[in-house]
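In: Turn this into a model:
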Amino acid sequence: MATPALPPHDGTVLSVVDMHTGGEPVRIVADGLPPVRGSSLLAKRRFLQEQLDSVRRLLMWEPRGHRDMYGALLVPSELPEAHLGVLFMHNEGYSTMCGHAVLALARYAVDYGLVPEIQSPETQVNIHCPCGLVTAYVETEGGRSGRARFQSVPAFAFSTDVTVDLPVYGEVAVDIGYGGAFYAFISSEKFGLDICSSKTRDLVDAATAVTEAVKAQVKLHHPDSEDLAFLYGTILTDGNDAFSEQPTSNICVFADAQVDRSPTGSGVTARIALQHHKGLIQLNQSRRFKSGATGSLFTGKAVKETKCGDFSAVIVEVSGHAYYTGTANFVQENEDTLKNGFLLK
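Out: Residues are numbered from 1 along each chain as shown. Now for the predicted structure:
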């Protein structure tokens, strides 16, 4: 049976393609987005925050989305080498980098003709993210897109063993790393929790307490732009940071207590940068990272040493597989009193 057409209505329509990477959703806005103005991608991000935040609420929040929905808005890039520009959005606002979304967007760009020429065995896709240009590669053998990988912007250890004071838990030491966004890292054992068996609510409460403490007690900065200098979330780990053939587990809690179902691409990037900084992993040593939420896996490795301002940094490669889950046309009818979306807490 063909998909039924929408009946007559007086509202606006946004068309989306839904995907997931490691269980984490990516809602890609394909059509219907009002113009997003700005001379640079970061300027477009500010315009979206200040002038078009209703689009985020419409697509991320209920009744069309849910508390843990994630989205990607495709916009023009000012970089001539970029195949597309993207702005990331979530329950609270807008990120500067999202690895799981980049892996999905790489497939999407190949399948929807955003890359002028498909190569074999893989096709390069240049994706301009708010943190900078990210190079992705998609398997395109046999005429179908498949597994993807991306190489990050310079990732670095911002600080290690930073002591913060938590209202309930007391003083704890955290590491802070940057992988296109800033994250705090701490072993779940410090809270008497296990990544894979503890209740999600308990993990979220602990991670949120860390995020709030770091935001209040640690001043972040980024050499390229102050727009990048904010803590995106906290990643609880199993503490297994030394190189091993076995996967290491983590769970990321970001934005407004939003839980990443995937191992978190930008989080893997930042975690590898910290491990390399500590001498626990060498260049081109691949590690597998397991999501404590779904058990899905990403593979990551540091492939090149570089600098980011005064920080010693690395380029990190992360690979994973994104899958299509559907398409939709979302309507916002003028007389709907809940048309702008809502969240229950």
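In: mind listing the helices in this protein by residue range?
Out: Using DSSP state H, the helices of the chain run over residues 41-51, 53-60, 99-111, 200-217, 265-277.
In: residue contacts, residue 135?
Out: 124-127, 150-151 (CB atoms under 8 Å, 6 or more residues apart in numbering). C-beta: built from backbone N, CA, C; applies to glycine.
In: partner residues bridging residue 148?
Out: Assessed by DSSP bridges, residue 148 has beta-bridge partners residue 138, residue 320.
In: ok, back up a step: of the contacts of residue 135, which is the nearest to residue 167?
Out: Taking CB to CB as the measure, residue 150 is the one of the contacts of residue 135 closest to residue 167, at 37.6 Å.
In: quick one: that closest one and residue 106 touch, right?
Out: Yes - at 6.8 Å, residue 150 counts as touching residue 106 under the criterion of CB atoms under 8 Å.
In: More neighbours: the two, which one.
Out: residue 106 (32 against 25; other CB atoms under 10 Å).
In: Check the gap between that one and residue 26 for me.
Out: 11 Å (CB to CB, to the nearest Å).
In: do residue 173 as well
Out: Counting by CB to CB, the gap from residue 173 to residue 26 is 34 Å.
In: quick one, which of the two is more surrounded?
Out: Neighbours per residue (other CB under 10 Å) separate residue 173 from residue 26, with residue 26 holding more: 28 against 12.
In: which residues touch that one?
Out: Neighbours of residue 26 in contact, by CB under 8 Å, 6+ apart: 18-20, 70-72, 100-101, 104-105, 322.
In: nearest to residue 264, of these?
Out: For the contacts of residue 26, the nearest to residue 264 is residue 100 (6.9 Å; CB to CB).
In: and the closest residue to residue 274 other than its chain neighbours, what does it touch?
Out: Sequence neighbours aside, residue 177 is the residue nearest to residue 274 in space, at 4.4 Å (criterion: CB to CB, 6 or more residues apart in numbering). Each residue near residue 177 by CB under 8 Å, 6+ apart is listed here: 155-158, 183, 185, 270-271, 273-274.
In: how many neighbours does residue 148 have?
Out: Residue 148 - counted by other CB under 10 Å - has 27 other residues nearby.
In: do you know how far it is from residue 59?
Out: 23 Å.
In: so what's the nearest residue to residue 276 once chain neighbours are set aside scoring on pLDDT?
Out: Distance criterion CB to CB, 6+ apart; nearest residue to residue 276, sequence neighbours excluded, is residue 302 at 4.8 Å. Model confidence at residue 302, expressed as pLDDT, equals 98.
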